[in-house]
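*Asks:* sequence below, structure please.
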Amino acid sequence: MIGISGSSGFIGQNLLNSLHEAKCISLREKDWKILANNCDVLVNLVGKAHDHRGTATEQDYYYINLELTKEVFHVFKESSATLLIHVSSLAALEEFESSKPLTEADECHPNSWYGLSKRAAEIWLMKQKFSADKKIIILRPPMVHGSGDKGNLGLLYKLISKGIPYPLTSFNNSRSFISMDNFCYFIEQIILHQDKLDTGIYHIADDDAVSTKDIIEIIKKVSGKRVPTLALPKLLVKAIAKVGDKVPIPLNTPRLRKMTSDLLVSNEKIKQGLGIEKLPLTAKEGLEKTIKSFSERSE
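*Replies:* Numbering: from 1, shown residues only. All right, here's what the predicted structure looks like:
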C-alpha cells in the first residue's frame, strides 16, 4: 500500500489517480498515523508554496514545510514502511537562474521563505538515523505542470488565448519543467526499483528544456490564436520592473528575473540509477498535453 500525505493538492490528486493501491493520508485527520503505519511506501507531498493572498508568515512556511515533514518522518521511522519519498523543490537549491544544468552536488542558494524552509527540511531529513531496511529519497522537481494546474502556465495560457501579446519576447531564455506524466513515472519507477537507489537527494525533470517562446508557440497552436509578437525593449522592461519594486504593479525585478532567466536542471543521476533511457513525454509533448487540458477546461 502507498500512502500519500498532502494528496489534496494538484500533484497529489494526479498521483492518486496514477498509482495503484494508493490512498490519501490527511494530516488533518486524527487517525492519519494509524493509516500511515499500514503502508509499505510513504510519499510526502505536504508543503506550502504559493501565497496568493499575501498573508503567510515565515513561521507558516517553516511549520508546514519543515515541522510537518518531521512528523511524517517520525511515523515512517516507527512504521513497517521501507521507503519514504519526500518531495522537496528545486527552490531548495536555486530559485532564479542557472545557465548550466544544476546537479545534486551544486551549492544551495535558496532565497525565499519557501526555498529556505524546503532546504531546511532536506538538511534535517539527511541527518536522521533509521534502520538499515529503510530508505529516504528526496526529490527536487522544477515547476510541475499538468491537468488541474493553476500556476503561471495557466495564466500565460489565458493571456495568449485571449489574443493578448506576451510583452517579454525580447528575452530568450531556456528552462526545465516536468510534466505530470513524467513526474508520476519517476515516482512509479522509484517505488518499483527502490533497491537501485541509495538514500539521498535526486533531481527530477523533463529530459529537455524549453523557452518561453516555445511555450507561446504551443499555446498559439492549441488555441488557434494568431497573436502578434510584442517584443518590448529589454531596457524598457527592466525600467518598468524597477518601478514595480516600489509600486504594486504586476511586474517587479524578482518576478522579471524568474520569467526571463535560464534555469536548467540535470536529471542524469536518477535516470542512471534507475536505468531510464527516455521519459514517457518530451518537454514539448508534456506542455502541449497540459495546455490542451486548459483549452478543454475553458470550453
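
*Asks:* how about the strands of this protein, start to end?
*Replies:* 2-5, 22-25, 41-44, 83-87, 98-102, 135-140, 143-145, 177-179, 200-203, 263-265 (DSSP state E).

*Asks:* run the chain-centre distance for the last one.
*Replies:* Taking the mean of its C-alpha atoms, strand 263-265 sits 12 Å from the chain's own mean (C-alpha atoms, centre = their mean, to the nearest Å).

*Asks:* which strands or helices does it pack on?
*Replies:* Applying 3 or more C-beta pairs under 8 Å, 6 or more residues apart in numbering; DSSP states H and E, one finds that strand 263-265 makes contact with strand 98-102. Quick note: C-beta positions are derived from backbone N, CA and C, even for glycine.

*Asks:* tally of neighbours for the residue nearest to residue 268 when sequence neighbours are not counted?
*Replies:* Residue nearest to residue 268 in three dimensions, not counting chain neighbours: residue 103, with 7.7 Å by C-beta to C-beta, 6 or more residues apart in numbering. Counted with other C-beta atoms under 10 Å, residues neighbouring residue 103 total 13.

*Asks:* so residue 103 touches residue 203, yeah?
*Replies:* Yes. Contact criterion C-beta atoms under 8 Å: residue 103 and residue 203 qualify, at 7.1 Å.

*Asks:* as JSON lines, the strands of the chain with distance to residue 113 and mean pLDDT would be great.
*Replies:* Listed next are these as JSON lines, based on distance: least, C-beta to C-beta, whole Å; pLDDT from 0 to 100:
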{"stretch": "strand 2-5", "distance to residue 113": "21", "mean pLDDT": "95"}
{"stretch": "strand 22-25", "distance to residue 113": "25", "mean pLDDT": "92"}
{"stretch": "strand 41-44", "distance to residue 113": "19", "mean pLDDT": "97"}
{"stretch": "strand 83-87", "distance to residue 113": "18", "mean pLDDT": "98"}
{"stretch": "strand 98-102", "distance to residue 113": "21", "mean pLDDT": "94"}
{"stretch": "strand 135-140", "distance to residue 113": "17", "mean pLDDT": "98"}
{"stretch": "strand 143-145", "distance to residue 113": "18", "mean pLDDT": "94"}
{"stretch": "strand 177-179", "distance to residue 113": "23", "mean pLDDT": "97"}
{"stretch": "strand 200-203", "distance to residue 113": "20", "mean pLDDT": "98"}
{"stretch": "strand 263-265", "distance to residue 113": "19", "mean pLDDT": "96"}
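
*Asks:* can I get these in a markdown table with distance to residue 279?
*Replies:* Shown next, in a markdown table, are those (distance: least, C-beta to C-beta, whole Å):
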| stretch | distance to residue 279 |
| --- | --- |
| strand 2-5 | 21 |
| strand 22-25 | 21 |
| strand 41-44 | 19 |
| strand 83-87 | 17 |
| strand 98-102 | 15 |
| strand 135-140 | 14 |
| strand 143-145 | 14 |
| strand 177-179 | 9 |
| strand 200-203 | 13 |
| strand 263-265 | 13 |
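
*Asks:* distance to residue 160 and mean neighbour count added to those, as JSON lines?
*Replies:* Formatted as JSON lines, these follow (distance: least, C-beta to C-beta, whole Å; neighbours: other C-beta atoms under 10 Å):
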{"stretch": "strand 2-5", "distance to residue 160": "33", "mean neighbour count": "26"}
{"stretch": "strand 22-25", "distance to residue 160": "35", "mean neighbour count": "20"}
{"stretch": "strand 41-44", "distance to residue 160": "34", "mean neighbour count": "26"}
{"stretch": "strand 83-87", "distance to residue 160": "30", "mean neighbour count": "24"}
{"stretch": "strand 98-102", "distance to residue 160": "26", "mean neighbour count": "15"}
{"stretch": "strand 135-140", "distance to residue 160": "29", "mean neighbour count": "22"}
{"stretch": "strand 143-145", "distance to residue 160": "15", "mean neighbour count": "22"}
{"stretch": "strand 177-179", "distance to residue 160": "17", "mean neighbour count": "25"}
{"stretch": "strand 200-203", "distance to residue 160": "29", "mean neighbour count": "20"}
{"stretch": "strand 263-265", "distance to residue 160": "21", "mean neighbour count": "21"}
